[in-house]
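> I would like to see how this sequence folds:
(one chain, ligands or ions: 1)
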Amino acid sequence: MKLGGLMIQVHDLQKHFGGFRAVDGASLTIETGSITGLIGPNGAGKSTLFNVIAGVFKPTSGRVMMAGEDITGLPPHELFRKGLLRTFQLAHEFSSMTVRENLMMVPAGQSGETLINTWFRRRRIREEERALRKKADEVLEFLTISHLAEEKAGNLSGGQKKLLELGRTMMVDAKIVFLDEVGAGVNRTLLGTIGDAIVRLNKERGYTFCVIEHDMDFIGRLCDPVIVMAAGKVLAEGSADSIMKNEAVIEAYLGTGLKNKVAAEVAEEAAFAESHGAQPGLGSEAGHGGDGKPEGGL
Ligand SMILES: Nc1ncnc2c1ncn2[C@@H]1O[C@H](COP(=O)(O)OP(=O)(O)OP(=O)(O)O)[C@@H](O)[C@H]1O
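Sure thing, here's the model as predicted:
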């Protein structure tokens, strides 16, 4: 669902660590209603870009706009209030609390947070808790993990923790969510469930996503457009198919020496797929390591 309008615009962003330019003049747009993929070789600057957009790092220079408003350098809690959330590579759950409790504690400003309310306004607190519990249970049902409601979050698998992280964004009705390496260490089945949840949140609830992921099957299934970063800059943008065939992208991943070899393999795979009526792609199972990242430095 493309809603039109420009949700996030990044203009000539720079983030330096000492003399090192982790983000070196990146400009890009994340359209409202899109699931935008952000890919690139290790060290390309993807996570740093996310961190600057989400207020974790202040940029060295450049601007970040959200729906026309300058949000450059705003702290994460202010962006959170505006509906912009960034999930981290490692899900930050409270391990000794149940899954439902983890969801219920996301919305800020609950009445039970002040001492005076816990003494004198117990009814209001009880009503709020009932409403939060109902919402948490709806979120769990949407994510097909109702059976985990009473489970301690620390006992969840890596993929289930990623689903919980998505659930936490739903407790505050996020507008735009930045997902960092959602597939890292997650098995194929659960990755499929996470992908389905992302697509449904996008289509049914109007969420905009920007997704960093090394798994090209996942990117190809979910994302349009795909933005490629290399050496702190935006190298290319387009559909997953066009990106996978883009020579500059292949070169950035593999270096010039391997470029011709890979191009020949891609052409061979495409010819084979065409003769067998299948879709060609770089993201074959054989090319991936156990962590979901393609092998050979991709
Ligand atoms: N806090 C920091 N201090 C110094 N250098 C940093 C810092 N954070 C990131 N870098 C450097 O900036 C570069 C970009 O890192 P970043 O994590 O943004 O890349 P990435 O594209 O997300 O990589 P990956 O795919 O491996 O996660 C790397 O060379 C990294 O070492």
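> the strands in the stretch 151-298 of the chain, which residues?
176-180, 208-212, 226-230, 233-238 (DSSP state E, counting those that start in this stretch).
> Please tabulate those in JSON lines, including the columns mean neighbour count, mean pLDDT and distance to the ligand.
C-beta: built from backbone N, CA, C; applies to glycine. Converted to JSON lines, those look like this (neighbours: other CB atoms under 10 Å; pLDDT from 0 to 100; distance: least, CB to the nearest ligand atom, whole Å):
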{"stretch": "strand 176-180", "mean neighbour count": "24", "mean pLDDT": "93", "distance to the ligand": "8"}
{"stretch": "strand 208-212", "mean neighbour count": "24", "mean pLDDT": "95", "distance to the ligand": "7"}
{"stretch": "strand 226-230", "mean neighbour count": "24", "mean pLDDT": "96", "distance to the ligand": "6"}
{"stretch": "strand 233-238", "mean neighbour count": "18", "mean pLDDT": "96", "distance to the ligand": "12"}
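> could you redo the ones you listed as a markdown table and give each row distance to Glu269?
Formatted as a markdown table, the strands of the stretch 151-298 of the chain follow (distance: least, CB to CB, whole Å):
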| stretch | distance to Glu269 |
| --- | --- |
| strand 176-180 | 28 |
| strand 208-212 | 24 |
| strand 226-230 | 19 |
| strand 233-238 | 19 |
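> right, and those - which one's nearest Ser61?
Nearest to Ser61, of all those, is strand 233-238, at 14.3 Å by CB to CB.
> If you count contacts, what does the closest one end up packed against?
strand 20-31, strand 226-230, helix 247-254 (3 or more CB pairs under 8 Å, 6 or more residues apart in numbering; DSSP states H and E).
> Verify the stated contact: Gly73 with Pro59.
Yes. Look at Gly73 against Pro59 with CB atoms under 8 Å: they come within range, at 6.7 Å.
> How is Phe57 assigned, secondary-structure-wise?
coil (DSSP: H, G, I helix; E, B strand; the rest coil).
> Measure how buried the residue nearest to it when sequence neighbours are not counted is and give me the count.
Computed as CB to CB, 6 or more residues apart in numbering, the closest residue to Phe57 that is not its neighbour in sequence is Asn51, at 4.5 Å. The number of residues packed near Asn51 is 22, by other CB atoms under 10 Å.
> Report pLDDT for Asn51.
Asn51 is assigned 94 on the pLDDT scale.
> about what we covered before: most tightly surrounded among the helices and strands packed on strand 233-238?
strand 226-230 (a mean of 24; mean count of other CB atoms under 10 Å).
> now for that one, which elements pack on it?
Contacts defined by 3+ CB pairs under 8 Å, 6+ apart place strand 226-230 against strand 35-39, strand 233-238, helix 240-245, helix 247-254.
> what sits up against the shortest one?
Right, the one you point to is strand 35-39. Contacts of strand 35-39 from elsewhere in the structure, counted by CB atoms under 8 Å, 6 or more residues apart in numbering, are 30, 46, 49-50, 198-199, 202, 208-214, 216, 219, 222-229, 240, 243.
> these two touch, right, Ile8 and Ile176?
Yes. Using CB under 8 Å, Ile8 is in contact with Ile176, at 6.5 Å.
> which neighbours do the two share?
Shared contacts of Ile8 and Ile176, counting by CB under 8 Å, 6+ apart, come down to Ile30, Met66, Leu84, Thr208, Cys210.
> Using CSV, lay out these together with distance to Leu254.
Compiled in CSV, the shared contacts of Ile8 and Ile176 are given as follows (distance: CB to CB, whole Å):
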residue, distance to Leu254
Ile30, 27
Met66, 35
Leu84, 34
Thr208, 31
Cys210, 25
